[in-house]
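Enquirer: The following block contains a protein sequence and its predicted model.
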Amino acid sequence: MAMRWFDSLKPNSINSFKQLTQAFGSRFITSSRVPRPLDSLLSLFVREGETLKAYSNRYWEMYNEIEGNYDDVAISTFKRGLPIEHGLRKSLTGKPVTSVRQLIDRIDKYKKVEEDQQTGKGKAKVVPQERKDFRSDCFNNNNRPRRDYTKQPGSTGAQAVHVVFREPLHKILEKVKNEPFFQ
């Protein structure tokens, strides 16, 4: 059917491939998508409980439905859709990207971190409880060294440590147990 339509075209009635695709589309494609307006990107933001991966997928799906080259708008609207306290937003503010490729690379890094945290593969994280002046910790008022009581047996340290292993602890212990040093 399409070949009959093509063969029946009048000579010189179509001057470019774009005209040919438009004529073909209007004749044979009945349910085509209407391009979305650029301002539809402005309404996108991370929903409560939504992962970066899910937000990113929604964003790029919407972006691909917009006709035209709006890379600069894509960069700024993606960042604006992130919560203010999000690490990626802070990263994009501190060290801005200049292309969509750079933005996607940065997103992928943060998605990897997010996935690692969800699967329990994140790195150990030290969370300081309070910040002290080093000089006041080491010296008393007479410039004499102050005894450090925090390192005494039974005392608690000044930092909390949260550790998440990349693999289950029992597997790590099995590997260590099988080392020649421990046998």
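Expert: Sure, I can see it.
Enquirer: and Asp108, what element?
Expert: Using DSSP states H and E, Asp108 falls within helix 100-119.
Enquirer: could you say what helices and strands that helix packs with?
Expert: If you count contacts as 3 or more C-beta pairs under 8 Å, 6 or more residues apart in numbering; DSSP states H and E, helix 100-119 packs onto helix 52-64, helix 71-80, helix 87-94. Where C-beta positions appear, they are placed from N, C-alpha and C, glycine not excepted.
Enquirer: how close does Val73 sit to Tyr63?
Expert: Shown here: Val73 relative to Tyr63, a distance of 9 Å by C-beta to C-beta, to the nearest Å.
Enquirer: between those two, who's got more neighbours?
Expert: Tyr63 (20 against 16; other C-beta atoms under 10 Å).
Enquirer: burial of the residue lying closest to Tyr110 once chain neighbours are set aside, as a residue count?
Expert: Using C-beta to C-beta, 6 or more residues apart in numbering and skipping the chain neighbours, the partner closest in space to Tyr110 is Leu88 (4.4 Å). Neighbour count for Leu88, taken as other C-beta under 10 Å: 23.
Enquirer: just Lys18 next, same as before
Expert: Lys18: 9 surrounding residues under other C-beta under 10 Å.
Enquirer: and what of Leu52?
Expert: There are 20 residues near Leu52, going by other C-beta under 10 Å.
Enquirer: Leu88 is in contact with that one, correct?
Expert: Yes: look at Leu52 against Leu88 with C-beta atoms under 8 Å: they come within range, at 6.7 Å.
Enquirer: list the residues that contact both of those two?
Expert: Common neighbours of Leu52 and Leu88, using C-beta atoms under 8 Å, 6 or more residues apart in numbering, are Ile107, Tyr110.
Enquirer: Show me which residues of stretch 10-25 are buried.
Expert: Using 16 or more other C-beta atoms under 10 Å as the test for burial, stretch 10-25 gives Ile14.
Enquirer: Give me the domain ranges for this structure.
Expert: The chain breaks down by automatic domain parsing into domains covering 1-32, 38-119.
Enquirer: Lowest mean pLDDT across these, which one is that?
Expert: Lowest mean pLDDT of those: domain 1-32, a mean of 83.
Enquirer: Tell me what angle the helix holding Asp108 forms with helix 52-64.
Expert: Orientation check (axes from the mean of the first three to the mean of the last three C-alpha atoms, to 10 degrees): helix 100-119 against helix 52-64 gives 150 degrees.
Enquirer: My understanding was that Met62 contacts Ser40; is that so?
Expert: Yes: if you go by C-beta under 8 Å, Met62 and Ser40 touch, sitting 5.9 Å apart.
Enquirer: hang on, the earlier thing: any buried residues in the helix holding Asp108, and which?
Expert: Buried, per 16+ other C-beta under 10 Å, within helix 100-119: Val100, Leu103, Arg106, Ile107, Tyr110, Lys111, Val113, Glu114.
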